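*Asks:* only the shape, not the letters, is given here:
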Ligand code: ADP
Ligand code: MG
């Protein structure tokens, strides 16, 4: 063993610096956090060559007085905590008193600072050594210039990446600091070009706009909850803003950007069945809670936090996102519902609707006359009366839970607003085209129907309802020996899914009851999938399968009445605007977009 030495302050500062200052981005984070703690409402951040050769952070905060300015650069020098108890209710971003000492140990620093009532000071430090201190005339606030980072620690220097990569890390940090502080005006300059500017108008949405651009800012839903202690605010992305990685997820706890696995997990869980597998939601979640309910002193760069009551915080986040997403679904429906046409309460005998045109459909043995909905605006006063039930009915609609009441001969006046959409028709036998005010809506018929059946089944399952259907003639399914052996343990699941299955001997079962209308082949597929499904979340998956099989398929011609029923069901009962696999149900093209395409407008 060699002799034991106590390290010089210079070496120990360099070692400590390694913990706080890993790369230029860490310097930016520490300096900007100091500016925020100093109460600044204007911060300018400038970097050159990825922040390696030059960093400047200027703020209009409280400044540092001449007698304190040197002390600020000593290790463990802080104005933010005084006694041990303060550690348990930290309201500032910094508190360890390490940043300035660490930065100054591994770079050339020049600081210029002035408080309200004194003269300003300039201080220069090279590799931890004070080399100049002068009185200076400068505006209130602080400017820190950090040059030649790691000039005296070549080992660290070697680990730095290319300038533009380092600049990218800095941009990430700056963006997060910007979103955490909507009331501060930020200006961010890279190699003399302005990269980002915010006005500090206090609106998080303005910051999202500045950071991510217009499409993201328009693609978010506001979050809020009603809990007294834990406040959840911010925005969560609509389905179309989800991305293939988690880079677009932002979590702020008491104004501090942090990472937290539990919150990430619940946030993503709240999106289950709304976005595609493999996609991650975009969000800017702000959690504010009493300072003593969260420990921020668990990580050197304070990137992780520990909640005193993690479960409760997670629940609040989950429900805030869930209700935001369902609010969005309601908005879609309301747009359709509320764009109404004027109508009067009828006090007269129903008259034939002049707008209603009739088409003749040749069925094998007779001609039936029925109204053509395709060009008809639906109003309560002119509910069409069918001469005969439409031919070519899709079995999915004969099932009572989705069949609209057959229009009565008498006009029953409902106090419901009429829906002002116009059904244009069906495209490729797969998409329903609707005209609604100044937009064209394209609806995926399978996805829409699947989502509605899915929601209904989930609800029935949750409420333990048993509104299922007996089959007129049971469906026999012959199983393999393996499947037959699995049957016993799957009986409970089949039962909760709404199937009644009887043993018929010789590896054969008889299905007597089903949850929704399914064709014989689909009954077989669903039962086999349920029996063979070993996944842990199988209840939900089984319901997916049932919904998928029971829903009308793509490439299926629909009658006008079926189209109308589907649209009405979606408007009145439909949930989220995605199928259970996360594909969109409805997309829209505005008249404006069309007119641009045809160059009617510029
Ligand atoms: P900490 O932020 O953990 O207190 P720092 O080393 O980052 O430690 O800063 C040391 C002290 O210097 C701070 O506590 C603060 O009093 C002062 N200080 C640093 N930067 C600024 C600034 N931009 N404006 C005003 N005071 C500052
Ligand atoms: Mg600090």
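*Replies:* Thanks, I have it. All of these numbers come straight from a predicted model, not from anything done at the bench. Numbering: from 1, shown residues only. Ligands and ions are numbered 1, 2, ... in the order given.

*Asks:* got the contact list for residue 591?
*Replies:* The neighbours of residue 591, taking C-beta atoms under 8 Å, 6 or more residues apart in numbering as the test, are 438-440. All C-beta atoms are positioned from the backbone trio N, CA, C, and that covers glycine.

*Asks:* how many neighbours does residue 127 have?
*Replies:* 18 (other C-beta atoms under 10 Å).

*Asks:* for the residue in the stretch 501-602 of the chain that ligand 2 sits nearest to, which three-state class applies?
*Replies:* Residue nearest to ligand 2 within the stretch 501-602 of the chain (C-beta to the ion): residue 582, separated by 42.4 Å. Residue 582 carries the three-state label coil when classified by DSSP: H, G, I helix; E, B strand; the rest coil.

*Asks:* picking that back up, just the buried members of the contacts of residue 591?
*Replies:* 439-440 (16 or more other C-beta atoms under 10 Å).

*Asks:* okay, the residue nearest to residue 175 when sequence neighbours are not counted: pLDDT?
*Replies:* Using C-beta to C-beta, 6 or more residues apart in numbering and skipping the chain neighbours, the partner closest in space to residue 175 is residue 211 (4.5 Å). Residue 211 carries a pLDDT score of 92 in this model.

*Asks:* quick check: residue 211 vs residue 310, distance?
*Replies:* Counting by C-beta to C-beta, to the nearest Å, the separation of residue 211 from residue 310 is 28 Å.

*Asks:* of these two, which one has the most company?
*Replies:* It is residue 211, of residue 211 and residue 310, that has more neighbours when counted by other C-beta under 10 Å, with 19 against 15.

*Asks:* how near is that one to residue 247?
*Replies:* Relative to residue 247, and taking C-beta to C-beta, residue 211 is found at 12 Å.

*Asks:* what do you get for residue 177?
*Replies:* For residue 177, the distance to residue 247 - C-beta to C-beta - is 16 Å.

*Asks:* in this protein, which residue sits closest to ligand 2?
*Replies:* For the chain, C-beta to the ion, closest residue to ligand 2: residue 94, 2.7 Å.

*Asks:* what's the burial count for that residue?
*Replies:* So residue 94, with other C-beta under 10 Å, has 20 neighbours.

*Asks:* also residue 453?
*Replies:* Counted with other C-beta under 10 Å, residue 453 comes out at 27.

*Asks:* so what's it up against?
*Replies:* 402, 516, 546-547, 550-551.

*Asks:* got phi/psi on it?
*Replies:* phi -70, psi -40 (degrees, to the nearest 10).

*Asks:* skipping adjacent residues, who's closest to it in space?
*Replies:* In space, and not counting its chain neighbours, residue 453 is closest to residue 547: 4.2 Å by C-beta to C-beta, 6+ apart.

*Asks:* for that neighbour, pull up the helix or strand it's in.
*Replies:* Using DSSP states H and E, residue 547 maps to helix 538-550.

*Asks:* which strands or helices does the helix or strand that that helix is followed by pack on?
*Replies:* Going down the chain from helix 538-550, the next helix or strand is helix 560-572, by DSSP H and E. Applying 3 or more C-beta pairs under 8 Å, 6 or more residues apart in numbering; DSSP states H and E, we find helix 560-572 packed against helix 310-338, strand 367-372, strand 421-427, strand 431-436, strand 439-444, helix 445-462.

*Asks:* tell me who's in contact with the spatially most central residue of the chain.
*Replies:* Geometric centre of the chain, nearest residue: residue 237, 3.4 Å, by C-alpha atoms, centre = their mean. Residue 237 makes contact with 216, 219-221, 248, 281-283, according to C-beta under 8 Å, 6+ apart.

*Asks:* same check on residue 191?
*Replies:* Counted by C-beta under 8 Å, 6+ apart, residue 191 has contacts 47-49.

*Asks:* let me know the pLDDT of residue 327.
*Replies:* Reported pLDDT for residue 327: 79.

*Asks:* also residue 155?
*Replies:* In this prediction residue 155 is given a pLDDT of 86.

*Asks:* could you count how many residues lie near it?
*Replies:* Residue 155: 8 neighbours (other C-beta under 10 Å).

*Asks:* from residue 103, how far out is it?
*Replies:* 17 Å.

*Asks:* please apply the same query to residue 542.
*Replies:* Counting by C-beta to C-beta, the gap from residue 542 to residue 103 is 58 Å.

*Asks:* same question, residue 462
*Replies:* Taken as C-beta to C-beta, the span from residue 462 to residue 103 is 56 Å.

*Asks:* who's more crowded, those two?
*Replies:* Ranked by neighbour count (other C-beta under 10 Å), residue 462 and residue 103 place residue 103 first, with 24 against 8.

*Asks:* quick check: residue 127 touching residue 151?
*Replies:* Yes. Counting by C-beta atoms under 8 Å, residue 151 is a contact partner of residue 127 at 7.3 Å.

*Asks:* anything in contact with each of those two?
*Replies:* With C-beta under 8 Å, 6+ apart as the test, residue 127 and residue 151 both reach 106-108.
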